[in-house]
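In: Quick one: sequence plus predicted model below, questions after.
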Amino acid sequence: MLTTIASFINAAIIQGIPLLYGATGEIITEKSGNLNLGIPGIMYIGGISGIVGGYIYEYYTPEPLAALCIIIPLLSSLLASALMAFIYSFLTITLRANQNVTGLALTTFGVGVGNFLGGSLQGFFGKSGSISLLTTGTYYKTSLPFADDLGLFGQTFLSFGFLAYLAVIIAVICAFILKKTRIGLNLRAVGESPATADAAGINVTRYKYVATCTGGAIAGLGGLYFVMDYIAGAWTNDGFDDRGWLAIAIVIFALWKPDLSILCSFIFGGLYIICTYIPGLSSAAKELIKMLPYIVTIIVLVLISARKRRENQPPAHLGLPYFREER
Amino acid sequence: MSDKIKHTEPLIRISKRDDLVWWKSWLVRIIAVVLALILCSVIIILLTGYNPIQVYSVMIRGSFGTSRKLWIMLQNLAMLLCISLAVTPAFKMRFWNIGAEGQVLVGGLATAAVMFYVKDSMHPLLLIIIMLAASLLAGIVWALIPAFFKAKWNTNETLFTLMMNYVATQLVSFFIMIWVPSGSSVMGIINQNSQAGWLPEIFGQKYLLNILIVAAVTIAMFIYLKYSKQGYEISVVGESENTAKYIGINVKKVILRTMGLSGAICGLAGFLLVSGTNHTITTTTAGGMGFTAIMVSWLGKFNAAIMVLTSFIIVFLQRGAGEIATKFNLNQSFADILTGIILFFIIGCEFFVNYKINLRNGHKEGK
Amino acid sequence: MSTAAIELKGITKRFGSVVANKDVSLSVQNGEILSLLGENGSGKTTLMNMISGIYHPDEGQIFINGQEAVITCPHDAYDYKIGMIHQHFKLVDVFSAAENIVLGINDGKRFNINDVYARVREICEKYGFEIDAHKKIYQMSVSEKQTVEIIKVLYRGADILILDEPTAVLTPQETQKLFKVLRRMRDDGKAIIIITHKLHEVLSISDRVSVLRRGEYVGTLITAQTNETELTEMMVGKKISLNIERSQPHDTEDRLVVSDIKCNSREGVKLLDNVSFTAKSGEILGIAGIAGSGQRELLEAIAGLQHIDSGSIIYNNPKTKTQDNLRDKTPIQIRDLGVRLSFVPEDRLGMGLVGNMDIVDNMMLRSYRHGKGMFLKRAEPKALADKIISDLQVVTPGTSTPVRRLSGGNVQKVLVGREIAAAPTVLMAAYPVRGLDINSSYTIYNLLNEQKKNGVAVIFVGEDLDVLIELCDRIMVIGGGRVTGIVDARNTTKEEIGLLMTKTDGGQINE
């Protein structure tokens, strides 16, 4: 029984990590007033660009170095995701396009690029079959060396690759920045009331760009974790599924707080796989359980709007464009 | 002193313009599409090494090459247009219904449920009517839930409707699991033998009825938005809630009514997809069209007539790119990449239609 | 005289053809409070916006401590230690007071919100502010928010403070508190400019007072050596004859009887306080008052757009001879009672008209429900649009032009034309000539006069006293949500009305 619970918690965390990246990235983005519905697409891009980076390196190097196996996919993932977020920023901030439309177009594009490259990369290099980056995947999956020595605790909480810990660290850092630093204060002001921020001498445009691109890069790491660690350096088309949208749900569920999103991600991760841990569940009931994350998110959304507690509301200027001429 | 003041004016000043003549604004859009096509060509050449002209002709053949391809293209066009029409009244009211995907799915699910349970035990016409009513009702309910909370507590409708999509997806999975005893997650063709609840072929064309229905909806929506009192109220609420209150419009009532309509047409789309096109239901029956429709409607400026054009562009691109993929042995997702690129350009070009860029010098500070 | 903290010389500012400020010169010393007095639209705020870097003057110079200063953006103003407290607060609602105060400041030191709390406390103690720096803005009263704005400016080290009508939103008690703080800041050597049009406040708080009238500088007086009458005369100026025709009302009957209506804002500030009056048919009733004295709420309460807490609004129906109470009825219910009420709101494009719709569709706003069936009938509104365009000489490319593209005067003609076309028995117009050129203004006056002759009860809210006196039959003056007097327009003077306007909570200020 204890082992089952331990392995469930372990699996919940594994499922929660990509969600946590996505949620943290989207929180940072939304705090600047940008509702980036392109996050699911960005997460696909984050995954595939890591694959492409690792693939090329493994392809041309007979004996890949561990450090480069990690750094090359990591950098390509960060850059590509940030670039995606930059397209979104340019269209919505500079060209003042509608945020929802731009975000959805970005998701179409991102998922398309992911599946296209994932499906054709082998072909480009004259091979067939599906992608498998065994070496890179192994390095990404390497856990702390002493994890296994710590028994059940070690297996439950310490058996992850480094990206898992990084997700938590980034979320904690983001929470700290938002709560305790000048940059965080200014960023929150931009999302709440850009006119006020502008009057206080804050460069609204710069904050929106930087927050959106940083948020995109963070979210992209969720895709990277998924392909490198979770499925160990492989790619399956649409394998990432609708996790990107689940990440956006977590943002609401966590009330736009990165520290809370750590817990929420693991809960949602748990809900994602809980059906395999409940014995005797019909396959139909499993589908209903998978519905739970969305239902609770809706309930949270309704509750915060009904209770009108101001601290828990979405950033007041979320989704709206800001131009100085309109005061 | 005046020199100093002039110097501090920003290098670029952007101001709203509303005096661009129609042909200039269309010129801007055409230039944007051409630029997008050039970029796409570059990508195509890099990937395939073929001459882009050749590639584009393959694309055209993909949509118009054979009469079967033409019918499929028209069918896809009809469905995308139908869903785009559905979200339009809500958008016009500035209600961001991005839950069309879910509303279509529950509509389709209701149709499938009636087909599955009633089978051929009923007069075919009566069956179709019940299916239609069920799917409209399902779509309406799915749309009214977020609308109710929007009207009551101003709950954020973008996030709410987004979440409703995935609830709908899981609901469909749930019922498929119940209906398919083998534990397979694929629902086969419903009523394969009796064809009960299948929309009939007319003039020997399977999709023609779908297309005609959507054509009728298009005309009706155009008239509704432009010439009906309710359509007028939608415009007023969307433009200015203050004015709406000033002339005594019940804003909450308009929100609920309009979202009900939006959901009903989504339900209709679900009905057509299940009863007319697929004769089955899957979680991807809506196939992302609920999201694409948002872009179609927005790019079509919420005008039903222009939306025929924008949905054509998108469907043409997707079909054409699919053809390229098959022909040159590329992955089918290639279509999404091209669609994405062209969408970015069209979205971006609206800026140059709506805003004027004033460089420093020449323009004096105005009122 | 020592060097002035700030001195303006010959400042002129034009917006297009309108001169907002003409050759204005004034100065403030350290340790002095200067009142800037003037009616609405006299150019006070424009002048101060030039000091705080929002506008640039077209002509003239600004000196700070004797040095010529070029202020081109709000940030420059900070550098010159100038701080302006605007009428509309710029605060983030979900932030605490301290977070708002420190927002946007980068002093290069490590950020620690606790240091901010400490410094805010210091400032509060020094000047006698009472504020909880941890409190969120959305939980604050208007007066507390204003305090936050003032501390924000002091926190940035401002030595010159400009307050734009700071008492407009305050209760008398809060005003007293504010003045106490201002005096302490003056004694600390700050130079303070307070924009106001309330005479008793001028006399109570300031050391000197400068008066503006229609953008022009009238003069500066030492407060101790002047009185309300002299200041009123300076502020309103000599009577200017406008030659607006005015007929004698005849066969008047009580059309709208408003009794004891009361209305509070959400924050509990009294917007309307025991307002009673009667609007008669065939007469123009003027409403005079400082902006924001309850005019808008009054008209909206009558039109069914504003909830009132008590009182009644009785409409005497000339056709049916019935009496109906319009209180808390919706606009539709009012219309269904057979009340023909037309309303030209202050916010023309945000309320009265839809800017993005064309003239025909705007004509339909009032009448689109007419007739059976679910479809609109555009023929009638089209005919009406054509008629208004030709009758009122609206300059427009056509009836299908969005009204937002028309000039202010033409927008107003469209709106007034539509409201009159409904053949009202009561016509309310809020600031109908604001921003209009002379010709358009006279068109509007003529329209109102015509309605009066037709037996309509016209309610005219205005700001120009000359117009009110020449156009109206009776003038009701309101201040602070209360009726301070109703005078016969034929036998009154600008001074009398001016004094009534500023009487609001007179006397209570002087401790």
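Out: Received it, and whenever you're ready, just let me know what you need.
In: hang on, residue C:260 in a strand?
Out: Yes: looking at residue C:260 with DSSP: H, G, I helix; E, B strand; the rest coil, it is inside a strand.
In: In this structure it contacts residue C:275, no?
Out: Yes: if you go by Cβ atoms under 8 Å, residue C:260 and residue C:275 touch, sitting 7.4 Å apart. Any C-beta I mention is one placed from the backbone N, CA and C, and that applies to glycine too.
In: Within range of chain A, give me the residues from the stretch 201-350 of chain B.
Out: Proximity of the stretch 201-350 of chain B to chain A (Cβ under 8 Å from any Cβ of the partner chain) is limited to residues B:288, B:291-292, B:294-295, B:298-299, B:329-337, B:339-341, B:343-344, B:347-348, B:350.
In: quick one: which of these sit in helices?
Out: B:291-292, B:294-295, B:298-299, B:334-337, B:339-341, B:343-344, B:347-348, B:350 (DSSP state H).
In: Now the buried members of the residues of the stretch 201-350 of chain B next to chain A.
Out: B:291-292, B:294-295, B:298-299, B:330-337, B:339-341, B:343-344, B:347-348, B:350 (16 or more other Cβ atoms under 10 Å in any protein chain shown).
In: which helix of chain B spans the most residues?
Out: Under DSSP H, chain B gives helix B:124-153 as its longest helix.
In: Now that helix: buried residues?
Out: B:127-128, B:130-132, B:134-140, B:142-151, B:153.
In: contacts with chain A among those residues, please.
Out: Restricting the buried residues of helix B:124-153 to contacts with chain A (Cβ under 8 Å from any Cβ) yields B:149, B:153.
In: Is residue C:466 in a helix, a strand, or coil?
Out: Strictly by three-state DSSP, residue C:466 counts as helix.
In: Which positions in chain A make contact with chain C?
Out: Near chain C, when you scan chain A using Cβ under 8 Å from any Cβ, you find A:180-182, A:185-186, A:188-189, A:192-193, A:195-197, A:199-202, A:310-311, A:313, A:316.
In: element containing residue C:8?
Out: For residue C:8, the element it lies in under DSSP states H and E is strand C:6-15.
In: so how far is whatever helix or strand comes next after that strand from its chain's centroid?
Out: Counting by DSSP H and E, the element after strand C:6-15 in chain order, helix or strand, is strand C:18-28. Relative to its parent chain, strand C:18-28 has a centroid offset of 21 Å by Cα atoms, centre = their mean, to the nearest Å.
In: coming back round to it: packing partners for the longest helix of chain B?
Out: Helix B:124-153 is packed against helix A:283-307, helix B:100-118, helix B:157-179, helix B:251-271, with contacts defined by 3 or more Cβ pairs under 8 Å, 6 or more residues apart in numbering or on different chains; DSSP states H and E.
In: Stretch C:89-105 near chain A at all?
Out: Yes: applying Cβ under 8 Å from any Cβ, one finds stretch C:89-105 touching chain A at C:90, C:91, C:92, C:93, C:94, C:95, C:99, C:102, C:103, C:104, C:105.
In: need the residues you listed in a markdown table with distance to chain B, can you?
Out: Formatted as a markdown table, the residues of stretch C:89-105 next to chain A follow (distance: Cβ to the nearest Cβ, whole Å):
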| residue | distance to chain B |
| --- | --- |
| C:90 | 21 |
| C:91 | 21 |
| C:92 | 19 |
| C:93 | 15 |
| C:94 | 16 |
| C:95 | 21 |
| C:99 | 24 |
| C:102 | 27 |
| C:103 | 23 |
| C:104 | 19 |
| C:105 | 22 |
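In: Name the nearest of these relative to residue C:400.
Out: Nearest to residue C:400 among the residues of stretch C:89-105 next to chain A is residue C:90, at 39.3 Å by Cβ to Cβ.
In: Assign a three-state SS to the closest one, would you?
Out: Classified using three-state DSSP, residue C:90 is coil.
In: From residue C:425, how far off is it?
Out: 44 Å (Cβ to Cβ, to the nearest Å).
In: Over to residue A:221?
Out: 70 Å.
In: Between those two, which has more neighbouring residues?
Out: residue A:221 (29 against 23; other Cβ atoms under 10 Å in any protein chain shown).
In: Quick check, pLDDT for that one.
Out: Residue A:221 carries a pLDDT value of 95.
In: now for the strand or helix carrying it, which elements pack on it?
Out: Assigned by DSSP H and E, residue A:221 belongs to helix A:204-225. With contacts defined as 3+ Cβ pairs under 8 Å, 6+ apart, the packing partners of helix A:204-225 are helix A:2-31, helix A:39-60, helix A:66-89, helix A:162-180, helix A:182-192, helix A:194-199, helix A:243-253.
In: re earlier: show me the one of the helices and strands packed on helix B:124-153 that comes nearest residue B:314.
Out: Once those are compared by Cβ to Cβ, helix B:100-118 is nearest, at 14.6 Å.
In: residue contacts, the closest residue to residue C:330 other than its chain neighbours?
Out: Excluding its sequence neighbours, the residue lying closest to residue C:330 (Cβ to Cβ, 6 or more residues apart in numbering or on different chains) is residue C:304, at 5.3 Å. For residue C:304, the contacting residues are B:248, C:326, C:328, C:329, C:330, C:331, C:333, C:334, by Cβ atoms under 8 Å, 6 or more residues apart in numbering or on different chains.
In: want to throw these into a markdown table with distance to residue A:230?
Out: As requested, the contacts of residue C:304 are arranged in a markdown table below (distance: Cβ to Cβ, whole Å):
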| residue | distance to residue A:230 |
| --- | --- |
| B:248 | 58 |
| C:326 | 67 |
| C:328 | 61 |
| C:329 | 63 |
| C:330 | 58 |
| C:331 | 60 |
| C:333 | 62 |
| C:334 | 65 |
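In: Out of these, which two are the most distant from each other?
Out: Using Cβ to Cβ, the contacts of residue C:304 span at most 13.9 Å, a distance reached by B:248 and C:328.
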